[in-house]
Each structure stands twice: as C-alpha cells, then as structure tokens.
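Peer 1: output the structure for:
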Amino acid sequence: VASAMRARIASRPADTKGYRIIARAMQARVQAGSPESKPVAVAAASIAVLLGESQAKTLELAKTPIQPAWTELASSKHDDLLFSQAASGSVRALFSLLGDRLAKHAGMDVRNHGVGRSDRLRKGSDALATMILEQSADMGIEDVDIYVSKQKPRIIAAEPTSPPSLIFGSELVSIERAAELRFLVGRSLKLAASQLSVPVQLGVDAFGVLLVGILRQFQPEFAPPGVDPEAAAQEQQKLKRLIPSQMLQELAPFAMGLGTPQFDHKAIYAGIYEAANRCGAVCAGDAAASVRALMRIKELRDPAAAMQDAEIAALVRFLCSDDHGRLWAASRSGKS
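Peer 2: Next up, the predicted model:
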C-alpha cells in the first residue's frame, strides 16, 4: 500500500489522500514494532493537513511531536542516507578537496550577500544567535558567525570563513518559528560543512561551468550538452592556474568517472540541495515547517501550488519515504 501511495504522490503531489494513506500505513508499522516509521507517519499526516486534510485521525497524528535529530549530521557519517546517487561521493570529494581554493576563486565574502559587521548577531546576548549556536554545536560545528540581512530579506547563504558564516534574510528567521529556523540552520550547515555552499550558490548554470571546468583538467575536450562550451573552456584555463599539479593526482580518481555521456549538471545541482533539505528537515522535526520554510524562501503562498516546485516535491517524497525514518533513527543514536 505504501509503495503505491508513494507513486501516487510522486505523480500527484498535492493529493491529500495519498499522504493520508501513507500516514496510516506507517502508523501501523510503528504499532507492529518499527519505531523508525514514526517520523514518516507524522510527516505524511502533516503534509496532508498542510494541503487541507480535515479528517480527525490525520489531524491528531499530525500533532504528534517528533524529536529533532541532528547528531553528526554535519559530518559525512550519514551521507549515504542524505545524498542521492546524482550527487555522488566522487562529486562531493572533488568539492571537498578543492574547498578553500574554490572559495577564493569564487570571491568568498559575506558582503556579497548584502550584510556587514552591523548585521552580525551578538553571541551571548541575542536569543536567535543562541538557538543557532546550540544547534550548530550539537551538529558538530563549535562556532559560527550569524548575519541577518535586511537588504536581502529572503536570502539564505553560507560562506566557508573561519568560523563559518551563515547569512539569513530577515523575513526567513524568527525565534517564533523555531522548527523553520532549525530547518534553515541544518540546511545551511550541511552545505557549509560539505564544502558545497560556494559552488551551489553560483546558480545552476555557473555551477555546471565550474564543474565542467574541473573535469576538463582531466578530459580537455569534455563538452557535455547544456553547459556553455566557451565559458567552460575559459573556466578550464582559470582553474589550471588555480590547481597545483600535485593536487591533480589526488583529484584524478574522483574526476575520471564523472565525464561521461550521462553527465547532468542540473541533476547534480538538484541532488546537492535535496541532501541539504533532507538534513534540515530531520533537524526541524517538523515536516510542514520544513515545507513552509522553503515556501518562504521561494515566496510561495499556496501549499498545493508549492507542491509543483521540483525542490519542494523532492523533499516531500523523502519525508514520506523509509529513508527518512532510517536517517532520523541514525542521527538520534549516532549510528548509521
């Protein structure tokens, strides 16, 4: 039943019946002795309610509290559960090894996001900063600088400074929306800790140019469809000056398998954000709040219309999947 309903919501993401039936199927699993199905049951019920479901049993289930879970999520320990095949380990290894160099290459600076020293929250005296720092420490990152931008009220970004900098638009973060805040912080910290924030913040087209420029260090004629070949050639030359020859040997095992006819930079880009959103949702412990946070970023007001957004739909499919339950259980126990 659950498999059929998951297929149903994949094709009809605003269909409340599919979520309602998934919720009840997962609830039955919990009662049969599978506690990892509990967050999936509650998530499916919560999405149904967000979409207008009014049946009493679903409303009651949606109110069930789920403990936020984030143990070691900023590390790579649970990455097999967070990242889809599109954002493969080879892609992540390339960006991890090149992290500092790419940050300088891209022009790492919080001012690019419309913030400065006056926008940085004061640690120890600001309630919002305290909440974020507590979550960051629990995720394994001891210190971060936090900026709130009034100039760009819906921005969300992270820069790999020392300590890492998190930048949030003033309309996105509030201590009154604690679950949404946990989602945003978890999402941002995962990108920052994985050295992925800089490349994805370039935007999908520039991301493709950057990644192809890296791969052309090993396959000089690599020219996949959908990526501007002239821009990729220019990036190739810039990166040739940036990456020392001894580092190329370290990068080669990860790069050689990526430059294939199946290369799809858009799928890789989407896969990275999917993983960040999965991390944020488990940190939030609230499926509906996680969806609302993305809606707020994208300025979407109607939940049913929001389900047509590819990024939101991907997050909802994960929230209703068994992988959600497994990740929640692993990040609560510290065991994968």
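Peer 1: C-terminal to the host helix or strand of Gly271, what's the next element?
Peer 2: Applying DSSP states H and E as the criterion places Gly271 in helix 265-284. Counting by DSSP H and E, the next helix or strand C-terminal to helix 265-284 is helix 287-298.
Peer 1: where in the protein is pLDDT low?
Peer 2: Applying pLDDT under 70 to the chain picks out residues 333-336.
Peer 1: from Ala157, how far out is the residue nearest to the spatial centre of it?
Peer 2: Compute the mean C-alpha point of the chain, and by Cα atoms, centre = their mean the closest residue is Ala276, 1.4 Å away. The gap separating Ala276 from Ala157 is 12 Å, by Cβ to Cβ, to the nearest Å. (Glycine included, C-beta is placed from N, CA and C.)
Peer 1: joint contacts of those two?
Peer 2: Contact criterion Cβ atoms under 8 Å, 6 or more residues apart in numbering; residues bridging Ala276 and Ala157 by contacting each: Ser188.
Peer 1: now do the strands in the chain.
Peer 2: When assigned using DSSP state E, the strands of the chain occupy the ranges 145-149, 156-159, 165-169.
Peer 1: which stretch among the ones you listed comes nearest Ala252?
Peer 2: strand 156-159 (28.4 Å; Cβ to Cβ).
Peer 1: report the distance from that closest one to the chain centre.
Peer 2: Strand 156-159 has its C-alpha centroid displaced from the chain centroid by 12 Å (Cα atoms, centre = their mean, to the nearest Å).
Peer 1: do the same with stretch 48-55
Peer 2: 25 Å.
Peer 1: which parts of that stretch count as buried, going by neighbours?
Peer 2: 48-51, 53 (16 or more other Cβ atoms under 10 Å).
Peer 1: ditto for stretch 218-235
Peer 2: By neighbour count with 16+ other Cβ under 10 Å, stretch 218-235 contains the buried residues 222, 224, 227, 231-233, 235.
Peer 1: which other residues reach it?
Peer 2: Contacts for stretch 218-235 (Cβ under 8 Å, 6+ apart): 205, 208-210, 212-213, 215-216, 236, 248, 251-252, 255-256, 259, 261, 263-266.
Peer 1: ok, stretch 313-331 next?
Peer 2: With contact meaning Cβ under 8 Å, 6+ apart, stretch 313-331 is reached by 6, 9-10, 13, 19, 22, 26, 34-40, 43-44, 47, 66, 69-73, 78, 81-82, 270, 274, 277-278, 281-282, 287, 290-291, 294, 307, 336.
Peer 1: among those residues, which ones are buried?
Peer 2: 6, 9, 13, 19, 22, 26, 36-40, 43-44, 47, 66, 69-73, 78, 81-82, 270, 274, 277-278, 281-282, 287, 290-291, 294, 307.
Peer 1: in helices, which of these appear?
Peer 2: 6, 9, 19, 22, 26, 38-40, 43-44, 47, 81-82, 270, 274, 277-278, 281-282, 287, 290-291, 294 (DSSP state H).
Peer 1: could you report the neighbour count for Trp328?
Peer 2: Using other Cβ atoms under 10 Å, Trp328 has 25 other residues around it.
Peer 1: what do you get for Val1?
Peer 2: Neighbours of Val1 (other Cβ under 10 Å): 10.
Peer 1: now do Lys238
Peer 2: With other Cβ under 10 Å as criterion, Lys238 counts 12.
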